[in-house]
Each structure stands twice: as C-alpha cells, then as structure tokens.
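> Just to be clear, the model below is a prediction. Sequence and coordinates:
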There are 2 protein chains.
Amino acid sequence: MKKSAINLQDKFTKFSKHWSPRVVAEMNDYQFKLAKIEGEFVWHDHKETDEVFVVIEGKMLIEFRDGKVELSEGEMYVVPKGVEHKPFAEKECKIMFIEPRGIANTGEAGGDLTAEEDVWI
Amino acid sequence: MKKSAINLQDKFTKFSKHWSPRVVAEMNDYQFKLAKIEGEFVWHDHKETDEVFVVIEGKMLIEFRDGKVELSEGEMYVVPKGVEHKPFAEKECKIMFIEPRGIANTGEAGGDLTAEEDVWI
C-alpha cells in the first residue's frame, strides 16, 4: 500500500493567508496544524488544554502577562492550559501547532481572527 | 517570569545513545520525545494509540507489513494505532516522536531495545 510522508514545507506552499491554520495530521484526538503568521494575534487562552508551538521557519514571539518567549526555527514551547498568551511575528513565520480537535485558535476571545477548521488530510 | 524555548538541536547534543528517547516536553497526557536512531528497530505496534514521527535531521524508513514510508528532514508521518511497524535508519537520524505518556517504545514486543522513560523537563 502506498504510504506518503507529510512534507511540511510542501504544505506551506499551498496557502498564503496569515493566521489561518491547516490541519495536516491527526493523532488520536489531537490535530497538527500549520500556520503562517505575521503581526499580532489576540490575547487568549485555552482553559481546557495545553498547546504546543513549533517554529518551522522564521521567528515568533509568544507574549504572556508575566513575560515572553522568543522561538526560532527548530524551537518549541508548551503553553500551559489556562495561560493567557499572544503570538506575534515581526516577519512572516511558519509554525506547526498541536492541540486537541475542536479548539478555537482564539480560545474564547473570538473576533475576526477566529479561523474555521480546515482539515487537509 | 523567565520562559525558555526548547531548542531541539541543543537537546540532541546532550545524548548519543541510539534508540534511547528523551522526553523534552509534555502537553496534557502526551509526551514529545527526541531520539537518535540508527540501524533496525524491532517490529511492534501500539494497540491503544497512534504515534507521530517527525524527522529533525537525516532520513528514516518506517516499514509496514504492507509497504513502507521514507521520511526526510521536515517530514512527518502518523502510524495508526494497532499497525505493526519497524523503524529503520541507514545512517544516524534525529527524530521527534509524540505519543501518550506511558507508552513503551517497543510496544508489547519487548527486548533489549525497550527503553526506560527518561524525562528531561
């Protein structure tokens, strides 16, 4: 049976909209999502789950109420559940993030940046 | 508060043993593990969970009873639960894999390659 690798950079060539995640893989009840980000996101949290960010290309900043963390290519960070955070990227940054199925990207904050689920698998 | 990124290549400099995973992050009940692999692993499956492989550097092959998939740097694959697989790398390959806490690397197959949990966080 034909088995295909999921090539992350290849997936990134297929969309350009910022803050618009694409689900490229699922593991049990979890989803692996790719996004291109640039500029400021909204302050939000996820009361029910941790969230993992992995930078595939570029740099991003995650701001917290009590600090911040900068992530470069090949770096990751786990935002604990319930912790308010605001992603930011000065220039376009390609990220993978991982969280359970059914989690809104803006948490309960809502607003224009809230994305529809877009499953590519 | 000081927040630190998890730098994957930096973590890889801190160990050399093959097939000996290090837990570098946890998200809810899931663990993100780094491993250096070379040569053949054992046939095994995980009856209760999917398993995600991401190649950070090098190339690996995952053999299945009905095919195989080759993964290069920046590629990933989800091995569905219950599917027998055998990882292989001709040369040393650096991988990240993700699965729930408490999963043995050799499934129920056991043997010399069964690793103790080694949590680095």
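Noted; the coordinates are in hand.

> Send me the longest strand along chain A as PDB with only the CA atoms.
Ranked by number of residues, the top strand in chain A under DSSP state E is strand A:85-100. Output in PDB follows, covering the C-alpha atoms of strand A:85-100 (Å, rounded to 0.1, in the frame of the first residue of the first chain):
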ATOM      1  CA  HIS A  85      -0.800  34.300  25.600                       C
ATOM      2  CA  LYS A  86      -0.500  36.500  22.500                       C
ATOM      3  CA  PRO A  87       1.500  35.200  19.500                       C
ATOM      4  CA  PHE A  88       3.400  37.700  17.400                       C
ATOM      5  CA  ALA A  89       5.700  37.700  14.500                       C
ATOM      6  CA  GLU A  90       7.500  40.700  13.100                       C
ATOM      7  CA  LYS A  91       8.000  39.000   9.700                       C
ATOM      8  CA  GLU A  92       6.200  36.000   8.300                       C
ATOM      9  CA  CYS A  93       6.900  32.900  10.300                       C
ATOM     10  CA  LYS A  94       5.900  29.300   9.600                       C
ATOM     11  CA  ILE A  95       4.700  27.300  12.600                       C
ATOM     12  CA  MET A  96       3.200  24.000  13.500                       C
ATOM     13  CA  PHE A  97       1.000  23.800  16.500                       C
ATOM     14  CA  ILE A  98      -0.600  20.900  18.200                       C
ATOM     15  CA  GLU A  99      -3.800  20.800  20.300                       C
ATOM     16  CA  PRO A 100      -6.900  18.600  20.700                       C
END
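
> Strands along chain A, start to end?
Under DSSP E, chain A gives strands at A:6-7, A:22-27, A:30-40, A:51-57, A:59-64, A:67-72, A:75-79, A:85-100.

> Give me every residue in chain A lying close to chain B.
Contact residues, chain A versus chain B (C-beta under 8 Å from any C-beta of the partner chain): A:1-9, A:25-28, A:30, A:32, A:49-52, A:56, A:62, A:64, A:66-72, A:74-78, A:81, A:98-100. Quick note: C-beta positions are derived from backbone N, CA and C, even for glycine.

> hey, what's the most centrally placed residue in chain A bridged with?
Geometric centre of chain A, nearest residue: A:F97, 3.8 Å, by C-alpha atoms, centre = their mean. Under the criterion DSSP bridges, A:F97 forms beta bridges with A:K33, A:F53.

> Pull up the per-residue confidence for it.
Per-residue confidence at A:F97 stands at 96 (pLDDT).

> ok, it - contacts?
A:21, A:32-33, A:35, A:51-54 (C-beta atoms under 8 Å, 6 or more residues apart in numbering or on different chains).

> which regions of chain A lie under the pLDDT threshold?
Scanning chain A with the threshold set as pLDDT under 70 gives A:1-2.

> Pull up the gap between A:F41 and chain B, please.
17 Å (C-beta to the nearest C-beta, to the nearest Å).

> Repeat that for A:A109.
Applying C-beta to the nearest C-beta to A:A109 and chain B gives a distance of 21 Å.

> Contact partners for the closest residue to A:E108 other than its chain neighbours?
Using C-beta to C-beta, 6 or more residues apart in numbering or on different chains and skipping residues adjacent in sequence, the residue nearest A:E108 is A:H44, 7.0 Å away. A:H44 makes contact with A:84-86, A:106-109, according to C-beta under 8 Å, 6+ apart.

> Nearest to B:K14, out of the residues you listed: which one, please.
A:H85 (27.6 Å; C-beta to C-beta).

> Neighbours of A:T114, how many?
Applying other C-beta atoms under 10 Å in any protein chain shown, we find 14 residues neighbouring A:T114.

> Just give the nearest non-adjacent residue to it, would you?
In space, A:T114 is closest to A:T106, 4.6 Å off (C-beta to C-beta, 6+ apart).
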